[in-house]
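In: sequence and predicted structure, then a few things I'm wondering about:
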Amino acid sequence: MRLIGNRLGTPFVEEATFDAKGDVLTASANDTPVILAVGSNDQVMTADSAQSSGVKWAAAAAGGISNVVEDTSPQLGARLDTNNFGIDISQGTITDPSAGINHSATWNDVSDTFTAIKSNVTDTASDASSLLLDLQLGGSSKAQITKLGVYKSVGANTSAPSGAAFGNWYGSTAIFFGSTLVTMNASTWNMGGVIFQMDGGNSAELRSDANHTLGLRNDGSAQTFNIYSDLGNPASNYERLSTSMDTSGNATLTTEAGGTGSVGNLILLPGAGKHVEMDKTTEDVPFINFKATADGDATSAISTLTTSGSVTHHIQISINGTTAWIPVSTTDPS
């Protein structure tokens, strides 16, 4: 290779110095130029002190671009094509707050719909547990979005946040409102102290029948509502008040017990100066039936009856099929 030092005051290199397409002018020592022939497709120039020219062509390092010197005003100039490589960002150990990824933009066209962050995955084949997003802390997943778009809070919190939040509380889905929280899992909903326990089916449903009206119903099945004392295990020991409806429209209010529990009395106790009032719209139908069976006898009943026209009042007594009516005076005996 021959260099002409100066022609008309301008240094130059003769064209004959280069022998092939892609030749790169390097140096093997001080004032010792040398040509580096072009490498293969997709190779990059890499420093290598073992080479006579101090550089060589080699495959790009796995992971793409690395060890980029900080630039206070970097200019990429176009979209970044990583050529099937990923992008690894490592901040190392930091002692001051610094965002690993800091995206800033100004949206300034009311007619456009903008997108700040977009990930578009073509799912030709993947495992069902594949994730679109996996946020980790210390190598453990905390929040995920599955390929179906389902959000999963997988890091179980053991201390509630100070403000409103949504996340995982001891393995249950939770909505936080400061010190108050609502938790939900497959069997239990805890609404800030009001607990709904599910049996895995849909046998009982609370519904809004109308404004200010709450209904316990499940179409096709009669419903029962139980209120327990301090013995509240329905599988073994319990004491409870049971309110139920059957499919014929009959309502039952009764006390029940099981195991070590004891059946209690059913007490109607109005407040001071008040009374128990029962109203019936159909006449000539027993108003109250008291039924009991003792010593194997047939059921006996006593009921009040108001005749048509509400003129005469009677007490109707039915014992073993025999019925009698006792007239009742409507005059104040005093």
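Out: Thanks, I have the structure now. Residues are numbered from 1 along each chain as shown.

In: so F176, which state does it fall into?
Out: Three-state call for F176 (DSSP: H, G, I helix; E, B strand; the rest coil): strand.

In: from what I see, it and S159 are in contact.
Out: No. The criterion here is CB atoms under 8 Å, and F176 misses it with S159 at 10.5 Å. No exception for glycine: its C-beta is placed from N, CA and C like everyone else's.

In: next secondary structure after the helix or strand where L133 lies?
Out: Using DSSP states H and E, L133 sits within strand 131-137. Toward the C-terminus, strand 131-137 is succeeded by strand 140-146 as the next helix or strand (DSSP H and E).

In: which other helices and strands contact that next one?
Out: Applying 3 or more CB pairs under 8 Å, 6 or more residues apart in numbering; DSSP states H and E, one finds that strand 140-146 contacts strand 131-137, strand 151-153.

In: please identify the deepest-packed of those strands.
Out: strand 151-153 (a mean of 15; mean count of other CB atoms under 10 Å).

In: after that strand, which helix or strand is next? Please name it.
Out: Sequence order places strand 164-169 as the next helix or strand after strand 151-153, per DSSP H and E.

In: picking that back up, worst average pLDDT in the helices and strands packed on strand 140-146?
Out: Of all those, mean pLDDT reaches its minimum on strand 151-153 (a mean of 87).

In: helices or strands up against it?
Out: Applying 3+ CB pairs under 8 Å, 6+ apart, we find strand 151-153 packed against strand 140-146, strand 164-169.

In: I'd like those strands as a markdown table, with mean neighbour count, mean pLDDT and distance to A222 appended.
Out: As requested, the helices and strands packed on strand 151-153 are exported to a markdown table (neighbours: other CB atoms under 10 Å; pLDDT from 0 to 100; distance: least, CB to CB, whole Å):
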| stretch | mean neighbour count | mean pLDDT | distance to A222 |
| --- | --- | --- | --- |
| strand 140-146 | 15 | 90 | 41 |
| strand 164-169 | 16 | 81 | 36 |
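
In: can I get those strands in JSON lines with distance to A272?
Out: Shown next, in JSON lines, are these (distance: least, CB to CB, whole Å):
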{"stretch": "strand 140-146", "distance to A272": "58"}
{"stretch": "strand 164-169", "distance to A272": "45"}
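
In: quick one: stretch 98-110 to chain centroid distance?
Out: Relative to its chain's centre, stretch 98-110 lies at 29 Å (CA atoms, centre = their mean, to the nearest Å).

In: what does stretch 172-180 give?
Out: Relative to the mean C-alpha coordinate of its chain, stretch 172-180 is positioned 11 Å out (CA atoms, centre = their mean).

In: send me it as PDB with only the CA atoms.
Out: Extracted in PDB, the C-alpha atoms of stretch 172-180 (Å, rounded to 0.1, in the frame of the first residue of the first chain):
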ATOM      1  CA  SER A 172     -56.700 -14.000  48.600                       C
ATOM      2  CA  THR A 173     -57.600 -11.300  46.100                       C
ATOM      3  CA  ALA A 174     -58.000  -8.100  48.100                       C
ATOM      4  CA  ILE A 175     -59.300  -4.500  47.700                       C
ATOM      5  CA  PHE A 176     -57.700  -2.200  50.200                       C
ATOM      6  CA  PHE A 177     -59.300   0.900  51.600                       C
ATOM      7  CA  GLY A 178     -56.600   2.000  54.100                       C
ATOM      8  CA  SER A 179     -57.000  -0.200  57.200                       C
ATOM      9  CA  THR A 180     -60.300  -1.700  55.800                       C
END
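
In: domains in the chain, by residue range?
Out: The chain is divided into the following domains under automatic domain parsing: 3-59, 131-181, 210-276, 278-334.

In: nearest to S98, of those domains?
Out: domain 131-181 (16.9 Å; CB to CB).

In: endpoint to endpoint, the closest one covers what distance?
Out: One end of domain 131-181 sits 28 Å from the other (CA to CA, to the nearest Å).

In: likewise for stretch 104-116?
Out: Separation of the first and last residues of stretch 104-116 by CA to CA is 9 Å.

In: can you list contacts of that stretch?
Out: H103 (CB atoms under 8 Å, 6 or more residues apart in numbering).

In: list the buried residues in it.
Out: When burial is assessed from 16 or more other CB atoms under 10 Å, stretch 104-116 yields no buried residues.

In: need the contact list for the residue lying closest to L131 once chain neighbours are set aside.
Out: Computed as CB to CB, 6 or more residues apart in numbering, the closest residue to L131 that is not its neighbour in sequence is Q144, at 5.2 Å. By CB under 8 Å, 6+ apart, the contact list for Q144 reads 131, 133-135, 151-152, 154.

In: picking up where we left off before, neighbour-wise, which of F176 and S159 wins?
Out: More crowded of F176 and S159, by other CB atoms under 10 Å: F176, with 19 against 6.

In: ok, that one - contacts?
Out: Taking CB under 8 Å, 6+ apart as the criterion, F176 is in contact with 160-161, 163-167, 169.

In: could you work out the most separated pair of these?
Out: G163 and W169 (14.9 Å).

In: hang on, the earlier thing: so which of the helices and strands packed on strand 151-153 is nearest S208?
Out: strand 164-169 (25.0 Å).
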